[in-house]
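**Student:** Kindly return the folded structure for what I paste below:
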Amino acid sequence: MDKVIESYHYDRVVMDLLVYDQLLEEKKAVMVIYLALQYFRCVNGTDSGDWFKCSYGEIKQELGTSSDTFTHGIRRLVDVSFLEVKQTTNNVNYYRFVERVFEKMKYIVLHPLVIKKLFGVSKSALRLYLALHVFRIEQKLEGKAPILVKREDIKIFVGIANNTISSSREDLYGLGLIDYERSSEGKAPMFYYILEE
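**Tutor:** Below you'll find the predicted structure:
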């Protein structure tokens with residue numbers, strides 16, 4: 001398996017909206033471990049069966065996650081049928097994301113360097129960033145088109161309280177992931193721009 005593991009490399013992560021909805025229900029560690037594995041799938045490459053290898057050491061270096069948290073996150077992703085695992089004896093496991101094909105499925109597309117930036121943000125900022133992709137999809141927009149979002153929409157659909165919307169927005173802005181401006185209607189709603197994908 002090792003001889004061909006570098007055969008296929010990917011420059012983007014595609015997450016369907018059903019996966020997104022499920023991840024919103026999970027703890028932050030599960031969300032981030034899912035994204036980290038997607039990142040290493042791109043970086044490490046896969047074999048012809050779409051299996052990729054990733055060690056706990058790689059995850060710990062990027063996330064600082066304890067082995068117990070990592071094990072729980074993997075188990076949870078397997079339980080919800082997002083992931084398959086082949087265990088080895090040398091602390092390097094092989095993983096494969098479960099492919100699901102649905103007609104007219106909508107997808108969030110993320111690039112590996114964006115995912116890496118998201119590793120260090122709060123759960124609220126992570127949820128806000130992914131939600132902006134969903135709002136853009138629902139508004140049938142593309143690229144850096146302005147996304148008009150009401151504060152109430154973020155509270156209802158993302159589950160972020162008013163006092164953390166601003167700090168989450170500033171965190172993402174500081175990383176160069178988004179920009180924003182007031183709409184002509186005043187303080188809210190606001191226009192958001194996704195800068196990097």
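
**Student:** Could you list the low-pLDDT ranges of the protein?
**Tutor:** 1-9, 101-104, 185-188, 196-197 (pLDDT under 70).

**Student:** ranges for the helices of it?
**Tutor:** 17-24, 28-44, 56-63, 67-79, 112-118, 123-138, 151-153, 162-174 (DSSP state H).

**Student:** To Tyr192, which of those lies closest?
**Tutor:** Tyr192 lies closest to helix 123-138 among the helices of the chain, at 5.3 Å (Cβ to Cβ). Bear in mind the C-beta positions are built from the backbone N, C-alpha and C, glycine included.

**Student:** Just checking the distance from that closest one to the centre of its chain.
**Tutor:** Here helix 123-138 is found 10 Å from its chain centre; the criterion is Cα atoms, centre = their mean, to the nearest Å.

**Student:** List the buried residues of it.
**Tutor:** For helix 123-138, a neighbour-count test (16 or more other Cβ atoms under 10 Å) marks 123-137 as buried.

**Student:** Quick check: bridge partners of Phe191?
**Tutor:** Taking DSSP bridges as the rule, Phe191 bridges to Leu148, Glu181.

**Student:** what's the neighbour count on it?
**Tutor:** Around Phe191 there are 15 other residues, counting by other Cβ atoms under 10 Å.

**Student:** before we move on, the earlier item: please identify which of the helices of the chain is closest to Glu99.
**Tutor:** Across those, closest to Glu99 is helix 17-24 (Cβ to Cβ), at 11.1 Å.

**Student:** That closest one vs helix 28-44, what angle?
**Tutor:** Counting by axes from the mean of the first three to the mean of the last three Cα atoms, to 10 degrees, helix 17-24 lies at 130 degrees to helix 28-44.

**Student:** leaving aside the residues next to it on the chain, what's closest to the most centrally placed residue in the chain?
**Tutor:** Centroid-nearest residue in the chain: Leu35, 4.6 Å away (criterion: Cα atoms, centre = their mean). Of all residues not flanking Leu35 in the chain, Ile115 sits nearest, at 5.0 Å (Cβ to Cβ, 6 or more residues apart in numbering).

**Student:** coming back round to it: now tabulate the helices of the chain in TSV and tack on distance to Val85.
**Tutor:** Shown next, in TSV, are the helices of the chain (distance: least, Cβ to Cβ, whole Å):
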stretch	distance to Val85
helix 17-24	17
helix 28-44	10
helix 56-63	12
helix 67-79	6
helix 112-118	20
helix 123-138	24
helix 151-153	36
helix 162-174	31
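
**Student:** how near is Glu181 to Ile154?
**Tutor:** Remark: distance between Glu181 and Ile154 (Cβ to Cβ, to the nearest Å) = 16 Å.
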